[in-house]
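1. 3D model of this:
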Amino acid sequence: MKPTDLKLILVDPKPELCEAWQGKLKKFSAVSIVNGYFEELTDYDCMVSAGNSFGLMDGGVDLAIVRYFGLELMARVQQRIIDEYCGEQPVGTSLIVETGHYNHPFLAHTPTMRVPMSISQTDNVYVAMWAMLVAVKRHNQREECKIQTIACPGLGTATGKMSCDRAAQQMALAYKNFLYPPESINWPYASLRQKAIGAGGDVKVSLD
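-> Okay, here's the model as predicted:
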């Protein structure tokens, strides 16, 4: 399954975020944007949980996911975090977890932050989106039951306090880079990618 065959539904109740997505991702034919709630969607294989590193799914979209799929899903997520990450799943990783739901069989648990906090000046949304897409690709390479359609909410735009435009830009960059991987890697390529992201590492703080 090629990356271009993967469908991506971006779904969020915030009109301003959907407008930002539209501006950044309208050129990608496999992307659809829904201004609403994921519970209203019918056709997707994998829901993205923009969670925290400990799988504590008790607020925001995470809470809605638990209410939709059941508390046992949170228990499975937390057990995977214990088994695979010794109790703390790093930002920049994504776990594909079975939901037990016939129509929506998978969850991509994808931390955007260690615990609830502002990530407005970070590249956490980029690295989370990137991790989720790569995790789906790896799943499809080794599992018989493929993920063909992903439903993804806004990343980092609620508790994380990242602006809609910045979050949309980081999500779009991760998606574009996923679709078009390089044939080789060198420092000019790495520098251009970092310049496009424009975050990560120390952030200059004004002392005024």
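2. pretty sure residue 69 contacts residue 107?
-> Yes - using Cβ atoms under 8 Å, residue 69 is in contact with residue 107, at 7.2 Å. C-betas here are computed from N, CA, C, even on glycine.
3. more crowded one of those two?
-> residue 107 (26 against 20; other Cβ atoms under 10 Å).
4. if I look at residue 69 and residue 107, which residues touch both of them?
-> Jointly contacting residue 69 and residue 107 under the rule Cβ atoms under 8 Å, 6 or more residues apart in numbering are 47, 99.
5. Now do the buried residues in the worst-scoring helix or strand of the chain on mean pLDDT.
-> In the chain, the helix or strand scored least confidently by mean pLDDT, DSSP states H and E is helix 187-197, which has a mean of 94. Residues residue 197 are the ones in helix 187-197 that count as buried (16 or more other Cβ atoms under 10 Å).
6. where exactly do the helices run in this protein?
-> 15-25, 60-69, 71-85, 124-142, 164-179, 187-197 (DSSP state H).
7. So what's the residue count around residue 41?
-> 17.
8. go on, residue 34?
-> Residue 34 - counted by other Cβ under 10 Å - has 16 other residues nearby.
9. Please list the residues outside stretch 194-204 that contact it.
-> Here stretch 194-204 makes contact (Cβ under 8 Å, 6+ apart) with 121-123, 126, 170, 173.
10. now the spatially most central residue of the chain: how far from residue 79?
-> Centroid-nearest residue in the chain: residue 129, 3.8 Å away (criterion: Cα atoms, centre = their mean). Noted for residue 129: a distance of 25 Å to residue 79, by Cβ to Cβ, to the nearest Å.
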